[in-house]
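1. missing the sequence, but the structure's below:
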């Protein structure tokens, strides 16, 4: 039986639904709305694995006491241009957005601002946070510690590193902003789970087993681990991101990372870091953004390799999805819709398509 | 006929030789010494392709007017925590070290400092600059635009991007510092040149040709281009680094990058950027460095994949080479030694092994 077509939901309706769910488990109205907006920002931009798809897991974690619904999120260390935010085990989106807001203000005053988080949680797509400085004519460089270790050090088999992502967002003038959002592994672990769901074989290069042999059966994922991009380079990059986003902030890195897919109760002490650069301190923003446009246009003008129909630059697909989904709504796959209906019934809230 | 064994030279003797060469082409004593120390810092740490190996090329570029021997290197824009350094087309090492020194001072005052360069030149190994903040209990994050475009945008064949490296240096307490220094391509272009010299075939995955087929003959390097790490991810990372290190500073990125291997006269307008974070504004430095030690020891303790004899972390080989070369001298291959002798004779200076 083929899957039914996904139903579409408006950004507003999705945000309200997420906020209702948070409200039902004890999050106050204002933070519930804000966390909902930040979660829906992943959905509207096509980062479907980081949006409402995660909501039942978040709610379950709140219900088991694994996330604090009434956190005292505050800056616990501060220099002129840096801030360390303690999230008090609150929802990750609230903790990270607070850090980004701090860094934007620090950058406005100093040209650059750096903010780190501790005692946070999974916060959704990295691009959402890296892009927050862009409307201020600022650049965002974001690092995060992933919430499960799927990567060993290079040459090893003990999974002590996560897919620690980096995201960089740079505004353009007439072109959409350039937004890189990448895990340091060839494939994100979510892609492995999708392949397993769909009964598909993974290409060689995504995973290897403990003997170092290619692992292509996604149902055997527990027998191996993800491969980092560029071999030892990606593993090293993941390590350094973990130090910047985790260790420096007193957050988890290495063997104290909690696998939030398997453990709903232990606080994750997730860490992130954001560096914000105020463009006007280094360049005239319009001149800079026009140059970014020119670079984009040069790259688009490249002749193509066989098999490619156009040059896709980082953030372009995201931008196109935002436009399409703002116009047509966000598609909610049938299986996800059913899971959300079940959650809504349990919480006693109006369902998404109510 | 087998190659003769390389002769060894002390760091002091190498530094003095490089300074003599710079002096002979018009660089004043103090900047000549400083640029020589920074070049030799690549050699002592094993970044052989970025050290004295480059000296004949630098000297040739100076002699043809492609580098300014008496530059007015100065900060032309400044905010509280940022600085833009104009290198006046001086030696890259002098321009970048000035920017790093600025960023260290900015970080000391503000917790974080960001400095960019324009009108600089090739400056040697990225690790040298990323590591400069480490003795100050600071972290360095360094980005640079490469000096030749060997990478197309993903899906394209026009080489509009360089191997733009990123380097990140983090101090530890008893362990050596962790220092990542990576190009955004699977192989650096220098490795292709070495393979050609040695008559070796390249592994698949380093380069492809304009039809997208693997290119393994290094003598055909001009028929193709380097592959980025992680496919589209590495190409996107290279682009973003180019924007941060080049475009933001008014330096070259994209089609205005000068191939300094083929053009000795056109100013390269090379750009770099450094972000320095003062650890003490976010954590107690001793506590932080002890945690870094603990992460290092965890990773070293991982069980091994077949074929590996130990876990190598970023910066460890570099650290070991510094110790070995400080004790035994820096090996200078016979062919390089002959090239340096020839250059010394032309400049009328005492040769390296004089």
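-> That came in fine, so what should we check first? It should be emphasised that the depicted structure is a prediction, and the values quoted were computed from it without experimental measurement.

2. Pull out the buried positions in stretch A:19-35.
-> Buried positions in stretch A:19-35, judged by neighbour count with 16 or more other C-beta atoms under 10 Å in any protein chain shown: A:19-25, A:27, A:31-35. The C-beta positions use only the backbone N, C-alpha and C, and glycine is treated the same way.

3. again but with stretch A:49-68, I slipped
-> By neighbour count on 16+ other C-beta under 10 Å, the buried set for stretch A:49-68 is A:49-56, A:58-63, A:66-68.

4. contacting residues around residue A:146?
-> By C-beta atoms under 8 Å, 6 or more residues apart in numbering or on different chains, the residues touching residue A:146 are A:162-165, A:183, A:257.

5. Residue A:308 reaches residue B:156, doesn't it?
-> Yes: between residue A:308 and residue B:156 there is a contact under C-beta atoms under 8 Å: 7.4 Å.

6. Pick out whichever of the two has more residues nearby.
-> Using other C-beta atoms under 10 Å in any protein chain shown, the more surrounded residue of residue A:308 and residue B:156 is residue B:156, with 22 against 16.

7. The more buried one bridge partners, please.
-> Taking DSSP bridges as the rule, residue B:156 bridges to residue A:304.

8. isn't it right up against residue A:304?
-> Yes: using C-beta under 8 Å, residue B:156 and residue A:304 qualify as a contacting pair, with a distance of 5.9 Å.

9. How is chain A partitioned into domains?
-> A:1-63+A:319-354, A:71-185+A:228-300 (automatic domain parsing).

10. ok, back up a step: next step: the buried residues of stretch A:49-68 restricted to helices.
-> Among the buried residues of stretch A:49-68, the ones falling in helices (DSSP state H) are A:55-56, A:58-63.

11. Nearest to chain B among those residues?
-> residue A:61 (25.9 Å; C-beta to the nearest C-beta).

12. What is the end-to-end distance of stretch A:130-149?
-> 23 Å (C-alpha to C-alpha, to the nearest Å).

13. That stretch: which residues count as buried?
-> A:130-134, A:136, A:138-149.

14. starting at the chain centroid, how far to it?
-> 9 Å (C-alpha atoms, centre = their mean, to the nearest Å).

15. can you give me the mean pLDDT across it?
-> Mean pLDDT, computed over stretch A:130-149, is 97.

16. and the nearest residue to residue A:162 once chain neighbours are set aside, backbone torsions?
-> Excluding the flanking residues, the one nearest residue A:162 by C-beta to C-beta, 6 or more residues apart in numbering or on different chains is residue A:146, at 3.0 Å. Per-residue torsions, residue A:146: phi -70, psi 160 (degrees, to the nearest 10).

17. Could you do residue A:118 as well?
-> phi -130, psi 160.

18. circling back: so of the buried residues of stretch A:130-149, which ones are in strands?
-> In strands, defined here by DSSP state E, the members of the buried residues of stretch A:130-149 are A:138-144, A:149.

19. my guess is residue A:352 meets residue A:16, correct?
-> No: at 9.2 Å, residue A:352 and residue A:16 do not qualify as touching, with contact defined as C-beta under 8 Å.

20. Who has more neighbours out of the two?
-> When residue A:352 and residue A:16 are compared for neighbours, residue A:352 comes out ahead with 23 against 17, by other C-beta under 10 Å.

21. Let me know the distance separating the more buried one from chain B.
-> Per C-beta to the nearest C-beta, to the nearest Å, residue A:352 is found 33 Å from chain B.

22. And residue A:280, by the same measure?
-> Counting by C-beta to the nearest C-beta - residue A:280 and chain B are separated by 9 Å.

23. ok now do the closest residue in space to that residue that isn't next to it in sequence, which residues does it touch?
-> Nearest residue to residue A:280, sequence neighbours excluded (C-beta to C-beta, 6+ apart): residue A:137, at 6.4 Å. Neighbour list for residue A:137: A:171, A:278-280, A:285, A:289 [criterion: C-beta under 8 Å, 6+ apart].

24. centre of the chain versus stretch A:148-160, how much separation?
-> 21 Å.

25. So for it, what gets flagged as buried?
-> Judged by neighbour count using 16+ other C-beta under 10 Å, the buried positions of stretch A:148-160 are A:148-160.

26. Can you check the distance spanned by that stretch, start to finish?
-> Terminal residues of stretch A:148-160 are spaced 9 Å apart (C-alpha to C-alpha).

27. again, but for stretch A:142-153
-> End-to-end distance (C-alpha to C-alpha), stretch A:142-153: 22 Å.

28. In what element of secondary structure is residue A:310 found?
-> Residue A:310 belongs to no helix or strand when assigned by DSSP states H and E.
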